[in-house]
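K.L.:
How does the following fold in three dimensions:
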Amino acid sequence: MTEEQEAKIGVFVCRCGANIGRVIDCENLREYASSLKDVETSVTHDYLCSDDGLRCMREEISRTGVRAIVVAACTPRLHEKTFRDNIEAAGINRYMLHLANIREQCAWVHADEPYRATQKAKDLLRMGVMKAKTFTPAEAATVQLNRDVLVIGGGVAGIEAAYDLAELGYKVHLVERKPVLGGNMATSFTCLLWCHEVPGKPQNISFRKGTFPTCDCSGCTITPRLVELIDHPNVNVLTMSEVKEVGGYVGNFKVRVVKKPRYVDEGKCVGCGNCSTACPVSVNNEYDYGLADRKAIFLPYQQGIPRKYLVDMDSCLRSKGAECSLCLDSCPFEAPNYSDREKEINLEVGAIIVATGFEAYKPHVMGYLGYKEFPNVVTIMELERMLDKAGPTSGAVVRPSDRKVPKRIAFIQCVGSRNRRISEGYCSKVCCMYTMKNAQAIKEAHPEVDITVYYIDLRAVGKGVEEFYHRTREDYGVEYTRGRPAKVLEDKATQNLIIRAEETLLNKITERNFDLVVLSVSLVPPEGMKELADMLRLRQSPDGFIQEAHTRMKPIETSIEGIYVCGCAQGPKDVPESIAQARAAALEVAILIGKKVLKAESLNAFVDQEKCIGCGLCQETCPYGAAVSEKVGQENKSRIIEALCRGCGTCVVACPSRAIMSRQFTDRQLMSEVRAVLEMN
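P.N.:
Numbering: from 1, shown residues only. Okay, the predicted model is just below:
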C-alpha cells in the first residue's frame, strides 16, 4: 500500500451471538481498534455473516472509502469466502482481507477467563491491522474447464451421478473394475419378486426381498437405471477397468485408465449363454462366495449388466496349453476373442467423482466367531446370495454343510464394527436394518424357523425403520437377545453351532444351539482405496474412507478442488442416502464445469526463479502436486500451478534457498505481526 492507502483500514467485530459476545467485551474491542493507527472505522455487529451484517459492512466501506478490511470473528475455514465476496461486491480487491479468529482462539478456549480472552483478542486484532497494511491487490488466475467428467465406481451412487450428469448434457466416463455394473446393491442385494416355492406348501408372494424398510426389490429398482445408463449417448462405460494414474488439476485432469481383457468381444456378445453351457471347466464362483460353481467363461450373476460374458483365463484350459475352443465353436456370433489384450485409455476431464463404494468385512482372524472354521457360519452377504431367487440355492436358505433348511438361525450383530480390537470401532449404520430385512425374508419362506438376533444395542434410524423393527419382532416373531457372543463352538456330530454369550438383560452367561449362524458384518473401504486416495492426493478418515472437506458444510467435496466423493466411498450409508449424495455431487460438478472458466484463489505460493536452485524439494513435499519442474534456459526451475495450490506453505518451509513465498504470508507480513506483539509487550 501507499502511505495514503495505509490510512484507510476498516475493522469489523462480530459478536456471533453468545458465542463471542458472552466472553469477549466486543464494544471494548471495537474502541481499542479505533485507537490503532490507520484504522479509519470500527464497527460491531451481532452476526456479520448474516444478510444484515454483510450489508452493514458494504455500506460502511462505501461511506468511509477504506482500502483494507480486518474482520474479528470465527475461523476463516467457515466464512472467509463469504467476506471476500462481500468486500469485492463493495469495490475492494477480495484479497485485501484479514480474518482474526477471536471465537475458536479466544472465546471458546478461554470461556472462563473473559478479561484475558478480551486481551488476547486485542492482540490478534492489532496483529491483523499491522498485517493488513502490507497487503497488495492480487488477481485470481483463470482456468479453462474441460466439460468431460470421470466417475470412478459403478455402484448405485456412481451410476446415479453419471446418469444425472449425462442428462444435463455432459460427457461422462464411468470406470468400474468389475465386469458388471450395480455394485453391492445389484450383486448381493438383488432378488426377483419373492416367490419361494416350498414343497407341500402354497406359493408365497407376499414378500419382496430387497431394500429396507419397504422391501422393494433392489433388482427391479436398479436395473432400469442401469439399462438407461448403458444406452445413454453421453456415457462411456468402461467395465473391468481401473484408474492407474491421475495428473493435472481442476478443470484439466489427465487420467490413465487400464482396461483388462474380457476375452469376449462386447460388440458381438448377446448374452445367450451358449458358450458357458459348452465350457467343460467348473470352478467356485467368487460372486456367490463359493456357494456354487461357475464355468471358465461366465456371467457373474444372471441379472448382471452389461450382459456380456467374460473368460477367466486363469481357469481356461487354453492357459494350460490345451487347444480347447468349445466356447468359440458354440457361439453363433464368434464373440470369444482369445487374442484380447489389456488396453490403455487416456482421458482428459474437468472433474472427478469418487464413488467406489464398500466391501463387506471379512473376519481376518481364522476362526473368529467360527467363520471359515465351521461350515455353518456364514456372513450376511453369503445369506443374501442364498436368498436370491436367481442365486446359488435358488432362493432357499440352507446349511452349507448338508444343504438342509435350518430350524434355528442366529444373527450376530456388529461383526467388524464397534470393536476397537479388530477395527476402527465405527458403526456401519445399515447392519441392524439389513438383519431385519433378511430375518423377515427367511420367515416368509420358512415360518417354522426360529430366529434369534444377538445385539449390543439397536441403531435403526430413518423413515419407516422403527416400524420395520417392530414388525420384525411382533409380526414375524424374531427374538432379540441383548449381548455380544464371546465364542461360537461346534457339535462335531451334528455340525450344529453353540453360541456362548452374556445375555445382559438376564444377567447371566448362556449357551444356545443353532443350525446356522449368520454374521452381520460391517462395511469397510474396498480393496485399493488407499492407493486410489494417494493417486488423487485425497485425505482418508481414520476408518479408511475418503475424508470430506467439511463434515457439515462440504460433505461431498474433498481437499482437492474438482474432485468429489459420494456414496459409501465417503462412509457407510444406505441406498437413499447414497443416491442423495450422488445427485448432490452431480450438481456440484455441473455448477463447476458449467462455468467454462474458473477463477482460482490467488492466496497461493509463488517462486522467485532467480533464487530457485532446482533441487525439487518443493515437488517432493507438496501434498497437492502443485509444485512442478520446468526448463528456464538451460536450468530446471520450480513453478507453482496456481489452480492446484492450496496455500498450505509446505513448500515454503522446505525450500533451502528461500525462493518460495506464500501470498499474505511473506516474511514482511509475518514480521509485521511479530512486531505488533512485541510493541505491546
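K.L.:
ok, the residue nearest to Glu588 when sequence neighbours are not counted to Pro572 distance?
P.N.:
Nearest non-adjacent residue to Glu588, counting by CB to CB, 6 or more residues apart in numbering: Tyr564, 5.7 Å away. Using the backbone N, CA and C atoms, a C-beta is placed for each residue, glycine as well. To Pro572, Tyr564 is 18 Å away according to CB to CB, to the nearest Å.
K.L.:
Just want to know which of these two has more residues nearby.
P.N.:
A direct count of neighbours by other CB atoms under 10 Å for Tyr564 and Pro572 places Tyr564 higher, at 32 against 22.
K.L.:
Which strand or helix spans that one?
P.N.:
Using DSSP states H and E, Tyr564 falls within strand 563-565.
K.L.:
Against which helices or strands is that strand packed?
P.N.:
Counting by 3 or more CB pairs under 8 Å, 6 or more residues apart in numbering; DSSP states H and E, the packing neighbours recorded for strand 563-565 are strand 351-354, helix 575-593.
K.L.:
Tell me which of the ones you listed sits most buried.
P.N.:
strand 351-354 (a mean of 28; mean count of other CB atoms under 10 Å).
K.L.:
for it, what is the average pLDDT?
P.N.:
Averaged across strand 351-354, pLDDT comes to 98.
K.L.:
what do you get for stretch 317-325?
P.N.:
On average, stretch 317-325 scores 90.
K.L.:
now do stretch 269-284
P.N.:
On average, stretch 269-284 scores 94.
K.L.:
And for it, what's in contact with it?
P.N.:
Contact partners of stretch 269-284, identified using CB atoms under 8 Å, 6 or more residues apart in numbering, comprise 264, 290, 292-299, 307-309, 312, 315-317, 324, 326-333, 335-336.
K.L.:
on that earlier part again, any figure for the gap between the residue nearest to Glu588 and Tyr95?
P.N.:
Tyr564 sits 26 Å away from Tyr95, taking CB to CB as the criterion.
K.L.:
Check Phe514 too.
P.N.:
Distance from Phe514 to Tyr95, by CB to CB: 67 Å.
K.L.:
Would you check that Ile87 makes contact with Leu99?
P.N.:
No. Using CB atoms under 8 Å, Ile87 is not in contact with Leu99; the gap is 11.4 Å.
K.L.:
Stretch 583-602: end-to-end distance?
P.N.:
30 Å (CA to CA, to the nearest Å).
K.L.:
what is the mean pLDDT for it?
P.N.:
Mean pLDDT, stretch 583-602: 90.
K.L.:
Point to the residue nearest the middle of the chain.
P.N.:
Residue closest to the average C-alpha location in the chain (CA atoms, centre = their mean): Gln570, at 2.1 Å.
K.L.:
how near is it to Thr551?
P.N.:
Taking CB to CB as the measure, Gln570 falls 10 Å from Thr551.
K.L.:
Then His232?
P.N.:
According to CB to CB, His232 stands 33 Å off from Thr551.
K.L.:
Looking at those two now, which is surrounded by more residues?
P.N.:
Between His232 and Thr551, counting by other CB under 10 Å, His232 is the more crowded of the two (16 against 9).
K.L.:
Residue ranges in the stretch 1-150 of the chain under the pLDDT threshold?
P.N.:
For the stretch 1-150 of the chain, the stretches with pLDDT under 70 are 1-7.
K.L.:
Now with 80, please.
P.N.:
Along the stretch 1-150 of the chain, the parts satisfying pLDDT under 80 run over 1-7, 140-141.
K.L.:
Quick one: the strands in it, in order.
P.N.:
9-14, 39-45, 68-73, 97-101, 141-144, 149-152 (DSSP state E, counting those that start in this stretch).
K.L.:
So in that sheet, which strands flank the last one, and in what orientation?
P.N.:
Strand 149-152 has the following sheet partners, assigned by DSSP bridges: strand 172-175 (parallel), strand 351-354 (parallel).
K.L.:
Give me the residues contacting the first one.
P.N.:
With contact meaning CB under 8 Å, 6+ apart, strand 172-175 is reached by 148-154, 158-159, 162, 165-166, 181, 229, 234-238, 241-243, 257, 347, 349.
K.L.:
Can you flag which of those residues belong to helices?
P.N.:
158-159, 162, 165-166, 229 (DSSP state H).
K.L.:
Of those residues, select the buried ones using a ChimeraX command.
P.N.:
Of the ones in helices among the contacts of strand 172-175, the buried ones go into a single ChimeraX selection, burial set by 16 or more other CB atoms under 10 Å:
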select :158,159,162,165,166,229
